[in-house]
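> just need the structure, nothing else, for what follows:
(2 chains)
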Amino acid sequence: MSEYVIEMNHIRKEFPGIVANDDITLQLKKGEIHALLGENGAGKSTLMSVLFGLYQPEAGEIKKDGKVVEIRDPNDATALGIGMVHQHFKLVDVFTVLDNIILGAETTDKLGFLKKKEAREKVIALSERYGLKVDVDAKVEDITVGMQQRVEILKMLYRDNDILIFDEPTAVLTPQEINELMEIMRGFAREGKSILFITHKLNEIMAVSDRVTVLRKGKYIGTVNTQNTNKQELSNMMVGRPVQLEIHKKDAVPGETVLDVRNLTVPSKIHKNDAVRGVSFQVHKGEILCIAGIDGNGQTELIHGLTGLEKASAGKITLCGEDISNASIRKRSRAGMAHIPEDRHKHGLVLGYTLEQNLVLQKYKEPRFQNHGFIRFGEVRKYAEKLIEEYDVRSGQGPITIARSMSGGNQQKAIIARELDRDEPLVVAVQPTRGLDVGAIEHIHAQLVAERDEGKAILLVSLELDEVLGLSDRILVIYEGELVGELDPKHTTPEELGLYMSGAKRQGKEEKQNA
Amino acid sequence: MPRIEPESGKIKWYKSDGAKSVYASLISILIGLAVGTLVIIIVGLLKSNISPKGIWDGVRLVFLGVFSTGRTDGQLTFGFNPVNMGNMLFRATPLIMTGLSVAVAFKTGLFNIGAAGQYLMGTMGTLSVGLWLGWSSCPSWLAWICAFLTGIVLGALWGAIPGLFKAFLNINEVITCIMTNWIAANLVTWWFDVHEEFKNAAEGGKVGYIIPLKNVDVVTPKLGMDILFPDSQANGGFWIACLIAVLMWVIMTKTTFGFELRACGLNRHAAKYAGINDKRNIVLSMVIAGALASAGGCLYFLSGNTEFYWSTYMSLPADGFNGIPVALLASNHPIGVIFAGMFMSTLNIAGLQLKYLTAYNEYIANIIIATIVYLSAFAMFFKMLLNTKRKKAKEVQIAVTTEEAKPEIESAETDEAAAEAEDAVDDEEEGGQQ
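The predicted structure follows:
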């Protein structure tokens, strides 16, 4: 028997005009946790799709236990014991946990009735054996994201898979849940199951994996033992140049209040309760205030209420001394608010417009860019070229590139260029580095710190703990639409932050009043 | 505004996006004509009264109907026919206007299927005001302007209704447009039913029609059309339509207003985020679309010699719906709409020539139009085919462009490929679970 359960040798996969995987080799040992590391677009997903039978490689071979196998579709993969937890869960919301687990692998009696009792026993046995706490009769829409992930894992176990692929599993979890997940993964490895763990978070790799394979731009860079490496080396391998992992910044010198929010309440679009309930805070000149929380606790609605994308039902917002509680979006932005939106495709860019059109999306009405309602194309072009140069936005055809054809990182750079160049006293940055690779993140963090040092007030919303702790000068934790604590990033730990984020801990009302 | 860079020479004009739209439309047209030819041949073979020569005549008329000069000694003759030509332009006028209406709405992300109703409202306003003022002592040029403006304003208001529903209640404009179409049809019928004075009772058997505007001398000036195309129905309305098309092109591409409208159409959320009043823009673009469609009705009946069959509650004007294929054929380009409208009316003329000069009837032309309508929906698909061809060519181009830009483009495409891969995974998974 071979040392490896899965070997992918010299895999090459081409798409029209591009080589997504170029001579990639990945060897998975029995009972190991193997991390697959790479930036966005490095070819991780393509490689896993090849393993899962969704793509046929142009060259290379896949071996299972030393024997060459052909995986033509996901059914072949399942038959070989390969299972996958996708980044976005594939669950039927209105089905129970049990129904979701057996879906597609139902066993029936002779008359075609489901043998649910048997399935139920098997699921409960599995869940106890691996410490995967789930409520088998709860509907998926009612359970937490962490439990949904456990359901996904149980789906793989129910199908007796012993090669488990986790695609960015920690993106949606709290620190505590991440720790639990890692414990579960270690348990699988001890049982002899093999785990492929796709991620770009270095902390997790260092914590849980045995070996790491690094891809960059479709090429195989190398495989290292986790013990013999460190975060710096891994990130250098991933990006191809030395990367600054730590955010270097001076101590904040907070000045006068720029933004004052009092008792802001924003209704939810999804349910009857308010998504944001009576939130009050201030942002000062020269500080980065971070709103931390698990996704879906009202951050989005808070920002929408603040920027005017949605109407707040109560509360007062004062920006630079001006009451903007009921102002239009344009008035708010003119009053001194730049906004890097959470969803760059939905709000940030008109994807069908060119880069230069996107760069003047708020400014086209300024006298500089129009003459009696006619756009001054020359001025727009000049301005776009200036921003592209200054903020290093790269694209195929410069100002006339259609925004849709640009890479995610450069789309985000374009938005940041547009917003920061407006030079407003308040910058609202919502997940400014979401989905970006290490190199781009480094760049954006440096820019935000530079803005702060120039005396801007920065309101940051982030789900990434590293970013929350590394970038901010003050942290407010939001839980179920309320601010439950204020923390100093210098004196707190990820664990403490996690307790607040998950609602397990909150600063008392008295304390808040005293503060 | 994807403008071509002359100095970099990266995209030649014949490879530009616009050119590809033209190719795609031409492909649709050619296939449509081919299908028409096939139908003519099959019908000719099945019917005993059509000889092989008759089939050949039919085919020639489909392609060259507008140049037909009748028959001499049993042989079809072709040449410049000012009557056909002029009538073609005359019939193109309302098509250009409804085409513009649909195209402008499309550009702003709305599907204006309500052009027919707006057209009817315009017709009603124009005819009523034209006749009233024509009977009064008002000078006829002023009557013309008032009639035209009334029609446009009515159409604009009619277009505003679906716009308001869409903007404030998020009700799909297609549904409201269809409903307002039939409301318009009944409203117009009711209006002329109760106003006996508009009915053409003077001429025998014409009481079902409205008095033509030429009777009160409120007609569009010829503006040279009578010299160019003597004896035809052509008039200055065609020039007005062209002028409006150019104006729409300027507004949509050169002004901040057009910038806002298109931003709303492409991404309502991003427009809102940028401080653009998305609701106002949705209403405005429907108002413009309504005004354009109704202008088609106005110009058609202001020609003076057209007669409006007022009991229209059972049917909607074809010109209203034909605006959709015109816009599609033109890839929603306002200038392209002029040519697409002319092409559609050319087919109309060809149909009439078939009817008068051969044993075929004019419905063959309708089959061709229908085929092209159907295929014009595929115009996007043809364009995509042309695009994938270019993508491969682009690879070669990338190799010769600067080294600096190269990795960036590659990574952008890797992203795309990765996203595609992910999507594929999603799809497969879902398929597997079912």
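> and the pLDDT for the closest residue to residue B:178 other than its chain neighbours?
Sequence neighbours aside, residue B:113 is the residue nearest to residue B:178 in space, at 6.2 Å (criterion: CB to CB, 6 or more residues apart in numbering or on different chains). The way it works is simple: take the backbone N, C-alpha and C, and place the C-beta from them, glycine included. On pLDDT, residue B:113 comes in at 92.
> now do the contacts for residue B:113.
B:173, B:174, B:177, B:178, B:181, B:321, B:324 (CB atoms under 8 Å, 6 or more residues apart in numbering or on different chains).
> count of neighbours near the first one?
Burial of residue B:173, expressed as a neighbour count using other CB atoms under 10 Å in any protein chain shown, amounts to 25.
> how much space between it and chain A?
When distance is defined by CB to the nearest CB, to the nearest Å, residue B:173 is 19 Å away from chain A.
> and for the fifth one?
Distance check for residue B:181 against chain A: by CB to the nearest CB, it reads 29 Å.
> burial check on that residue, number of neighbours?
Residue B:181 has 24 neighbours, counted by other CB under 10 Å.
> that older thread, which members of the contacts of residue B:113 are the farthest-apart pair?
For the contacts of residue B:113, with distances taken as CB to CB, the pair at the greatest spread is B:173 and B:321 (15.5 Å).
> what helix or strand is residue A:484 located in?
Using DSSP states H and E, the element containing residue A:484 is strand A:482-487.
> what's in contact with that strand?
Residues lying outside strand A:482-487 but in contact with it, judged by CB under 8 Å, 6+ apart, are A:277-281, A:298, A:474-478, A:496-497, A:500, A:503, A:505-507, A:515.
> pretty sure residue A:357 sits against residue B:259.
Yes: in this structure, residue A:357 sits in contact with residue B:259. The criterion is CB atoms under 8 Å, and the distance is 7.3 Å.
> just to revisit the earlier point, what lines up beside the strand holding residue A:484 in the sheet?
The sheet places strand A:482-487 alongside strand A:474-479 (antiparallel), with pairing taken from DSSP bridges.
> let me see the mean pLDDT of the partner strand.
Rounded mean pLDDT across strand A:474-479 is 92.
> what are the buried residues along that strand?
A:474, A:475, A:476, A:477, A:478, A:479 (16 or more other CB atoms under 10 Å in any protein chain shown).
> gap between residue B:255 and chain A?
5 Å.
> apart from its chain neighbours, what residue comes closest to that residue?
With sequence-adjacent residues excluded and distances taken as CB to CB, 6+ apart, residue B:255 is closest to residue A:373, at 4.9 Å.
> measure how buried that neighbour is and give me the count.
Neighbour count for residue A:373, taken as other CB under 10 Å: 13.
> show me the contacts for it.
For residue A:373, the set of contacting residues under the criterion of CB under 8 Å, 6+ apart consists of B:255, B:256, B:257.
> what's the closest of those residues to residue A:466?
The shortest approach to residue A:466 among the contacts of residue A:373 belongs to residue B:256, at 42.0 Å (CB to CB).
> look at that closest one and report its pLDDT.
For residue B:256, the pLDDT comes out at 92.
> what separates it from residue A:286, distance-wise?
Using CB to CB, to the nearest Å, residue B:256 is found at 36 Å from residue A:286.
> what's the closest non-adjacent residue to residue A:418?
residue A:359 (5.2 Å).
> and if you look at residue B:162?
Taking CB to CB, 6+ apart as the measure, residue B:162 lies nearest to residue B:176, with 3.9 Å between them; neighbours along the chain are not counted.
> quick one: that neighbour from chain A, how far?
For residue B:176, the distance to chain A (CB to the nearest CB) stands at 24 Å.
> which secondary structure element contains that residue?
With secondary structure defined by DSSP H and E, residue B:176 is part of helix B:173-194.
> pull the CA atoms of the helix or strand following that helix into CSV?
Counting by DSSP H and E, the element after helix B:173-194 in chain order, helix or strand, is helix B:225-228. What follows is helix B:225-228, C-alpha atoms only, in CSV (Å, rounded to 0.1, in the frame of the first residue of the first chain):
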residue,chain,number,x,y,z
MET,B,225,-39.6,64.5,-49.2
ASP,B,226,-42.0,65.3,-52.0
ILE,B,227,-39.1,66.3,-54.2
LEU,B,228,-37.0,63.3,-53.4
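> for helix B:225-228, packing partners?
Where contact means 3 or more CB pairs under 8 Å, 6 or more residues apart in numbering or on different chains; DSSP states H and E, helix B:225-228 is packed against helix B:82-107.
> if we go to 6 Å?
Using 3 or more CB pairs under 6 Å, 6 or more residues apart in numbering or on different chains; DSSP states H and E as the contact criterion, no helix or strand is in contact with helix B:225-228.
> my read: residue B:316 touches residue B:116, true?
Yes: with contacts counted by CB atoms under 6 Å, residue B:316 reaches residue B:116, the gap being 4.1 Å.
> OK, contacts around residue A:412?
residue A:344 (CB atoms under 6 Å, 6 or more residues apart in numbering or on different chains).
> so how far is the helix or strand containing it off the chain centroid?
Secondary structure assigned from DSSP H and E places residue A:412 in helix A:408-421. In this view, helix A:408-421 has its centroid 18 Å away from the chain centroid, taken as CA atoms, centre = their mean, to the nearest Å.
> could you export it as CSV, CA atoms only?
Extracted in CSV, the C-alpha atoms of helix A:408-421 (Å, rounded to 0.1, in the frame of the first residue of the first chain):
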residue,chain,number,x,y,z
GLY,A,408,-11.5,41.6,-7.4
GLY,A,409,-8.4,43.2,-5.8
ASN,A,410,-8.2,45.9,-8.4
GLN,A,411,-12.0,46.5,-8.3
GLN,A,412,-11.6,47.1,-4.6
LYS,A,413,-8.5,49.3,-5.2
ALA,A,414,-10.6,51.4,-7.6
ILE,A,415,-13.3,51.9,-5.0
ILE,A,416,-10.8,52.8,-2.4
ALA,A,417,-9.1,55.2,-4.8
ARG,A,418,-12.4,56.9,-5.5
GLU,A,419,-13.5,57.1,-1.9
LEU,A,420,-10.2,58.2,-0.3
ASP,A,421,-9.5,60.7,-3.0
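> thanks a lot, see you next time.
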